[in-house]
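Q: Quick one, what's the 3D model for this:
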Amino acid sequence: MPASAAAEDRKRKRTSLACDTCRVRKVRCDGRDPCLTCSSAGEECTYGLETSPKSKTDIVLDVALRSERLLREMSARLVQNDQPVNIVSSPVAVISPAPTDSTRRQFEIEHNISNAILSPFHASTTESILAWPHFDHLQSLRQDYSFSVFNLENSRPSFPQLPSAIQPYASRSDIERTIQNFSQNVNFWYPTMTRTKLRASQQIMTSGRLDDSESSCLALLVMALGSASALVASVAEYDDPVPEETENRSQWKVMSELYFDSALKKLHVAQMECTIDSVQCLFFAGLFFAFLQRPVQAWSFLSSAATKCRLLLLSQGSNIGLEDYECLRRIFWSCYILESDYLAELSALPQSGISDIESSIPLPGEFDTHDSPLDKEKSSLYFLACISIRRLLNRVHNLLYAKDTGASFDDAQFPSVVSELDHQLEQWRELLPPDFQFDASWSPAQSPQGGFLRQRYLTCRSVIYRPYLNWALSNSADIDGLPEDVYENCKRCLQACWMHGLNLKSFAHTVMVDTWICSLSMASAMLILLAASQITALQNCIRPISPVIGPHLEGLLRSWMHLPGQSGVSPSVKRSIELIGEVSQSLKEIIGD
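A: Prediction:
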């Protein structure tokens with residue numbers, strides 16, 4: 001076989017035939033001879049090594065890379081396929097896109113598939129759903145709950161700070177316990193800090209020698225996050241705490257506030273520098289503002305961290321060691337997840353640019369984050385699973401709902417896109433490591449992490465199948481009943497929505513970081529159920545759960561809403577809870593108890 005033909009044949013094969021260099025580095029290989037990675041680095045490109053038995057991490061990486069290849073193929077079909085499908089008309093009127101230009105669509109889709117970018121001004125925010133014409137007749141809903149999430153949050157009083165730093169007293173054992181809480185929670189979900197750095201932070205706090213340096217700021221942020229994570233872990237474990245546990249919660253809340261106030265007074269040092277520690281300080285500050293349910297401030301610090309992280313990763317002469325480079329990569333992917341979460345609801349937010357280069361940044365590798373090798377492995381696998389589902393969610397939003405180019409606007413395109421995206425989602429679920437596996441049902445997940453990932457899965461599934469519901473809402477008045485395939489796919493969308501709501505629990509990861517985004521996501525799910533209730537054929541898909549889903553969500557979100565304490569209640573979380581209650585009442589009136 002000619003060399004060029006062999007190269008092309010290899011290019012089409014799976015990543016298990018990556019070159020030796022790319023296999024060792026665990027980066028994508030284009031299969032050419034030489035491949036682009038080796039050509040750029042000036043290294044020899046060989047395909048001689050035998051494939052070694054794959055670890056769990058390798059399996060997760062393979063799934064992510066295979067999914068990207070299939071999604072690229074799908075994007076190519078998307079821009080070429082002009083054959084109509086047997087559906088009456090498009091849900092185009094629901095979201096009112098402008099006619100698309102094929103050249104522009106091809107460029108944007110190919111760029112966004114290479115990089116899992118969440119398109120600005122996409123049409124899947126809670127605000128967009130509330131603007132659907134199917135709610136026009138519900139005037140009270142529109143008048144009372146049409147709101148700008150950004151304006152609500154941006155009009156909040158400034159974050160309160162103490163006039164001078166108050167250093168809380170903590171014994172050596174208190175400090176050690178708080179660092180352990182940080183390690184078991186925050187550094188498990190976002191494993192960005194090595195044991196060596198954690199020990200250094202512990203020594204700084206134990207010595208009491210705090211100055212205006214990045215290391216002191218970082219140590220205080222670790223203590224603040226450790227105290228806050230102890231609080232949310234207690235909420236996750238005890239529904240009805242005894243008085244002693246209630247007292248512990250009060251102490252953790254006060255300690256987290258005092259440590260964070262002290263850290264904020266030193267954060268100017270991190271903002272002025274561009275170092276590994278400064279990036280980590282900004283990232284942790286963003287995480288704490290996420291706990292405080294202040295999305296604008298959280299986005300601001302995360303965006304700053306992501307921008308500096310991107311600069312350090314792409315700077316050729318930065319002289320970064322392997323451990324520091326891995327730390328930056330992990331902060332990069334953590335910022336990618338969280339920035340995408342905020343852009344999912346605040347679609348007009350400026351982006352840091354990390355999504356534009358994410359396909360060129362290797363996925364996380366070896367990193368010494370935990371004392372136990374098992375905890376270290378589980379944390380890395382969980383992190384990879386969170387990255388891969390967030391990337392898939394971004395691609396779902398782009399392929400279906402990107403402004404002007406989304407396939408959901410075109411009834412000739414969305415059925416095949418929905419089918420392929422669902423296939424990718426199911427592959428992701430089926431190949432999760434055993435500790436994080438779950439059933440798409442009522443069965444309890446095997447771990448809190450599995451429960452959190454199930455929530456991401458159900459969100460993604462409901463968004464994937466939503467175009468069928470949009471079509472049914474646009475055409476139900478013009479046809480007798482729903483075509484069988486439309487009905488079944490609407491049912492999948494609705495089941496994912498209500499299972500997403502009823503499977504919500506006080507997972508520590510959710511309460512600590514995702515309360516704000518979760519409140520809006522649940523409001524969206526309730527609005528979708530309300531819209532579907534107007535179609536008689538779909539009411540039986542909703543009736544069994546309509547009496548319980550609203551009260552369940554209201555109870556959880558109200559309890560989480562007050563956790564941050566001095567930061568005050570998020571107005572958009574409060575408005576989302578009120579909206580959930582209003583929609584719940586409307587559902588009862590439409591389809592009964």
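
Q: Next, the contact list for the residue lying closest to residue 387 once chain neighbours are set aside, please.
A: Among residues not flanking residue 387 along the chain, residue 333 sits closest, at 5.2 Å (Cβ to Cβ, 6 or more residues apart in numbering). (Each C-beta comes from the backbone N, C-alpha and C, glycine too.) Applying Cβ atoms under 8 Å, 6 or more residues apart in numbering to residue 333 gives the contacts 361, 363, 364, 383, 387.

Q: Give me the mean pLDDT for the helix or strand hosting the fourth one.
A: Assigned by DSSP states H and E, residue 383 belongs to helix 373-401. Here the mean pLDDT over helix 373-401 is 93, rounded to a whole number.

Q: After that helix, which helix or strand is next? Please name it.
A: Counting by DSSP H and E, the next helix or strand C-terminal to helix 373-401 is helix 414-430.

Q: Which positions in that next one come out as buried?
A: Judged by neighbour count (16 or more other Cβ atoms under 10 Å), helix 414-430 contains these buried residues: 414, 415, 416, 417, 418, 420, 421, 422, 424, 425, 428, 429.

Q: Work out the gap between stretch 294-308 and the centre of the chain.
A: 15 Å (Cα atoms, centre = their mean, to the nearest Å).

Q: Next: stretch 18-34.
A: Centroid separation between stretch 18-34 and its chain, computed with Cα atoms, centre = their mean, is 28 Å.

Q: measure the residue lying closest to residue 189 once chain neighbours are set aside to residue 534 for me?
A: Closest residue in space to residue 189, ignoring its immediate chain neighbours: residue 509 at 5.1 Å, by Cβ to Cβ, 6+ apart. Look at residue 509 and residue 534: by Cβ to Cβ, to the nearest Å, they are 35 Å apart.

Q: higher neighbour count, those two?
A: residue 509 (23 against 18; other Cβ atoms under 10 Å).

Q: for the stretch 301-450 of the chain, which spans come out with low pLDDT?
A: Counting by pLDDT under 70, the stretch 301-450 of the chain contains low-confidence ranges at 316-318.

Q: returning to what we had before: list the buried residues for the helix holding residue 383?
A: 375-401.

Q: before we move on, what about stretch 435-450?
A: Within stretch 435-450, the residues that count as buried by 16+ other Cβ under 10 Å are 435, 436, 437, 438, 445, 447, 448, 449, 450.

Q: how far away is the last one from residue 257?
A: The span separating residue 450 from residue 257 equals 32 Å under the rule Cβ to Cβ.

Q: what sits against residue 436?
A: Contacts of residue 436 (Cβ under 8 Å, 6+ apart): 381, 382, 385, 445, 446, 447, 449, 450, 453.

Q: what's the answer for residue 131, then?
A: When contacts are taken as Cβ under 8 Å, 6+ apart, residue 131 is in contact with residue 146.

Q: can you check residue 243 too?
A: By Cβ under 8 Å, 6+ apart, no residues touch residue 243.

Q: pLDDT score for it?
A: Per-residue pLDDT puts residue 243 at 88.

Q: Low-confidence ranges, this structure, go.
A: Within the chain, the stretches with pLDDT under 70 are 1-17, 24-27, 39-42, 47-115, 119, 316-318, 477-480, 593.

Q: ok, which stretches of it are strands?
A: Along the chain, counting by DSSP state E, no stretch forms strands.
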